[in-house]
Each structure stands twice: as C-alpha cells, then as structure tokens.
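A.B. asks: Sequence first, then the predicted structure:
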Amino acid sequence: MLFKIPQSVLVVIHTPALDVLLINRVDAPDFWQSVTGSKDSEEETFAQTAVREVFEETGIDCAPGSALHGALVDWGLENVYEIYPRWRPRYAPEVTHNTEHVFGLQVPPGTPVRLNPHEHSALRWLPWRAAADACFSPSNAEAVLLLPQFAR
C-alpha cells in the first residue's frame, strides 16, 4: 500500500472583494474547506502541489504560463496539526501529524469552477469572515481570517 505523504497544501481561493471559495467533501458531508491536498512525491514542491490540487479539485488553471499563475501566492505559513483519526489509515502507521503549507489564489469574480465529483459535492462563495466560520478545519479557518493581510 502506498501511504500519503504527511506534507500538504491549503490554498485559499478568493476574489479581489475577498469572497472565498469553499468546497464540500464527498466523504464528509458538511465539511466545508478550501482546496487541500498532499504532495504526490517527496520531490514535488509545495508550489507544484498547490497548482496540481487547485486544478484537480476546481478546474482552475494557475500553472506556469496560465493567466492566473502570478495570482498564486505563497503566504510563507505552515501549520502542523494532528491528522484526524478517520483519515489516519491513509498514512504510514507511525505518522500522526501533517505539515500544511498555505497559499492564496486570487481569481476574477465569476471564475468558473468545475468540481471533481469523486472529491467534492458542492461549492459556495462566501465573504471571508463567513467563510472562516464555515470551515470545519481550525487551520483552514485561521488561514481565511488572515486573508486581508495577504490579499493584494
């Protein structure tokens, strides 16, 4: 069995007006979150993971050469948190904590979002304070609350 790497990204996707995209997990109804995902390999950089996960989960392209590439911003923040027991079997037996690197991605209002139906069932755009309140993960909520400091 291939275990997940306990290094991931959190990408707060937002508009210039600080409306935040939240997506609902298929495997955990009412778990609203920003884009998240683990590295595919130890060699993958956090920025590469962010670009890949944003595209996989939302269909938004922020890869090098795309119109939104410059809008992906590394906030230089990392959260270390205990992995929820329900998801711990995805990791090696000795792994209990994950390191999450935080990014922001500013998109124009009305940017189309295409959810991966295997991962997420619904989306909503909320003003940043309401989005923070809706996040199930404390680290996600904290990142959204920092959005005004990092948004351009």
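C.D. replies: Received, thanks.

A.B. asks: Tell me the bridge partners for the residue positioned nearest the centre of the chain.
C.D. replies: The chain has V35 as the residue nearest its centroid, 2.4 Å off, counting by C-alpha atoms, centre = their mean. Bridge pairing for V35 (DSSP bridges) gives the partners V11.

A.B. asks: From W128, how far off is it?
C.D. replies: 16 Å (C-beta to C-beta, to the nearest Å). The way it works is simple: take the backbone N, C-alpha and C, and place the C-beta from them, glycine included.

A.B. asks: again with A50
C.D. replies: 19 Å.

A.B. asks: So which of those two has more stuff around it?
C.D. replies: A50 (26 against 20; other C-beta atoms under 10 Å).

A.B. asks: List the buried residues in the host helix or strand of that one.
C.D. replies: Taking DSSP states H and E as the definition, one finds A50 inside helix 46-58. Using 16 or more other C-beta atoms under 10 Å as the test for burial, helix 46-58 gives 46, 48-55, 57-58.

A.B. asks: Could you dump the residues you listed into a markdown table with pLDDT and distance to N79 added?
C.D. replies: Output for these, formatted as a markdown table (pLDDT from 0 to 100; distance: C-beta to C-beta, whole Å):
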| residue | pLDDT | distance to N79 |
| --- | --- | --- |
| F46 | 98 | 12 |
| Q48 | 98 | 19 |
| T49 | 98 | 15 |
| A50 | 98 | 14 |
| V51 | 98 | 20 |
| R52 | 98 | 20 |
| E53 | 97 | 16 |
| V54 | 98 | 18 |
| F55 | 98 | 23 |
| E57 | 96 | 19 |
| T58 | 97 | 21 |
